[in-house]
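Trainee: sequence first, then the predicted structure, then my questions.
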Amino acid sequence: MLIEIKELKKNYSLGNSEIPVIHGINLNIEKNEYVAIMGPSGSGKSTLMNILGCLDTASSGHYYLNKVDVSTLDDDALSVMRNREIGFIFQNFNLLPRLNAIQNVELPLIYAGTHAHERRERALQALEKVALTDRIDHKPNELSGGQRQRVAIARALVTNPGILLADEPTGALDSKTGIEIMRLFDDLHREGNTIILITHEQEIANYAHRNIYLKDGLIHSDQPNRLKSKLS
């Protein structure tokens, strides 16, 4: 089991009050699953994403990632776990404007202390996976939105993480480019990557093999995408 969540709750403090956001959910995700987590604003999906990505911790309950109880880790250990296990892909790309494509992809390896030669080789391999080796010297403002998202995906891949965690990855793209990016996720999943997709769009969630719908801090439904399974 790659991810195991048991009775997870999350509250936020507001003055002297505790505001519950996640109300005790249980969830398992296997290695190489392709999961979409959906829900309206206020459903708890962003909070759950932050916990899954080791950006936040639960108020109670347990989150096991590769059999490590993330709930017990301090900030430093969380940072190590996050950098080793999670590849983040954001709606707005989060690329550094002064760096070119390959330098942006190398960043996680710099933080990990990887030698310069190995960094470049791994960054080139990651850019090759997203079909962008002809743009390695281009800065973000010299790339289209789709190309910027491909750079962001390569950056997420470069550490060989256990999970690709994508937050509304097509939200800043036109529909045609969004379809191209989702087809890339299909390819990455076929290569063995575990993908967790956070989205509010059903047509994007339809690319995943499993759809989890949150409502009022609880899992309202958790079902396989039968259409996708038939097409795979």
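Mentor: Alright, I've got the coordinates.

Trainee: model confidence for the residue nearest the centre of the chain, exactly?
Mentor: Nearest to the geometric centre of the chain sits residue 165, at 0.9 Å (C-alpha atoms, centre = their mean). On pLDDT, residue 165 comes in at 98.

Trainee: does anything pack onto the helix or strand hosting it? Which helices or strands?
Mentor: In this assignment (DSSP states H and E), residue 165 forms part of strand 163-167. Judged by 3 or more C-beta pairs under 8 Å, 6 or more residues apart in numbering; DSSP states H and E, strand 163-167 is in contact with helix 45-52, strand 86-89, helix 145-157, helix 175-190, strand 194-198. Any C-beta I mention is one placed from the backbone N, CA and C, and that applies to glycine too.

Trainee: who does the second one touch, helix- and strand-wise?
Mentor: Right, strand 86-89. Here strand 86-89 touches helix 145-157, strand 163-167, going by 3+ C-beta pairs under 8 Å, 6+ apart.

Trainee: can you lay out the ones you listed as CSV showing distance to residue 218?
Mentor: Below are those laid out as CSV (distance: least, C-beta to C-beta, whole Å):
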stretch, distance to residue 218
helix 145-157, 29
strand 163-167, 21
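
Trainee: residue 65 is nearest to which of those?
Mentor: Among these, the nearest to residue 65 by C-beta to C-beta is strand 163-167 (8.1 Å).

Trainee: got the angle for that closest one vs helix 175-190?
Mentor: With axes from the mean of the first three to the mean of the last three C-alpha atoms, to 10 degrees defining the directions, strand 163-167 sits at 160 degrees from helix 175-190.

Trainee: by how many degrees do strand 163-167 and helix 145-157 diverge?
Mentor: Using the same axes, to 10 degrees: strand 163-167 against helix 145-157 is 150 degrees.
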